[in-house]
Each structure stands twice: as structure tokens, then as C-alpha cells.
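K.L.:
My questions are about this predicted structure, shown below with the sequence.
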Amino acid sequence: MHKMIFVNLPVADLDASRAFFASMGYEFNDNFCDGNALALILGDSMVAMLLQRDFYKTFLLGKEVVDAHVASGCIICLSGDSRDEVDAVVDKALAAGATAGDTEEHGFMYGRSFFDLDGHAWEIMWMDPAAAEVGPQAYAAQQG
């Protein structure tokens, strides 16, 4: 199976994107950063490639780049180790200029979302490890 994931996202301003994510505590792999791209490290084997819109478009074979402020093609969902970590990450995003999304509370699962400077949807979530192991329906049945 696959060893890494690279999520490619179009951005309007690389400098603003770098400042936004750096203020949240994220780091970049500068070996893969240049005038067209930033390699945002999300985890040991997860990278978001933030690409200048015109450069991003070169990969689309004639398709248009979506304006994520008005349309969406995906939601980037990252797990946290606790509810507190979920809140800390999203609070940092909001302090850096993100727009708040929804909060979801399901007892065994908690998540909050935000929209970054380019309108991309991000969700940070935590799930009770017992629910993650057996799945939400089986977990709910176990809880009675």
C-alpha cells in the first residue's frame, strides 16, 4: 500500500500561507519549497503541497482551479490526540486569520473545522480509541 500522502492545494499567496501555518506551529520541508510551492509537514508521512494557483493549474489538463471560498472539492481532516489538542489547533488557526467552521460533538468523537486563508476546509478531530477500534456503530451498541 501507499507510504505517504501529498495533498496539493492551490493558494493565492505563498508568503501569507507560510505565515499562517507557521503561526499554528507547523513546519515546512524547505527541500521542497520554492517560488511555486511550500511543503507543509502535517505528520511523519503527510505533506500538504501548497501551490501557487497558476502552477497548480498546470496539473489540471485544462480544468479550472476551484475558488475554495465559493466551492469545495475536499475537506482535509486530521486527527488529534485529545479534545484539548483539537481545540488548540483550531484556536491557533482562528487567531491566525482562519474562518470558523462547525463543531461536532458525538460523545465518542469530537471535531472542529475552519477555513484557511484560501478557503480550504480543514477539520481537526478526536475519536475515542475504543470507538476507533470497533467502529462507531459497534461502539454505540457496546455502550448500550
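P.N.:
Arrived safely, thanks for sending.

K.L.:
List the contacts of the closest residue to Tyr139 other than its chain neighbours.
P.N.:
For Tyr139, ignoring the flanking residues on the chain, the nearest one in space by C-beta to C-beta, 6 or more residues apart in numbering is Ala131 at 3.9 Å. Just so you know, the C-beta spots here come from the backbone N, C-alpha and C atoms, and that holds for glycine as well. Taking C-beta atoms under 8 Å, 6 or more residues apart in numbering, we find Ala131 in contact with Phe108, Met109, Tyr139.

K.L.:
list the buried ones in the helix or strand containing Ala131?
P.N.:
Using DSSP states H and E, Ala131 sits in helix 129-134. Within helix 129-134, the residues scored as buried using 16 or more other C-beta atoms under 10 Å are Ala131.

K.L.:
now stretch 75-87
P.N.:
Ile76, Gly80, Val86, Asp87.

K.L.:
so can I have CSV of these showing secondary structure and pLDDT?
P.N.:
Shown next, in CSV, are the buried residues of stretch 75-87 (DSSP: H, G, I helix; E, B strand; the rest coil; pLDDT from 0 to 100):
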residue, secondary structure, pLDDT
Ile76, strand, 97
Gly80, coil, 96
Val86, helix, 98
Asp87, helix, 98
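
K.L.:
from these, which single one is nearest Gln52?
P.N.:
Ile76 (18.6 Å; C-beta to C-beta).
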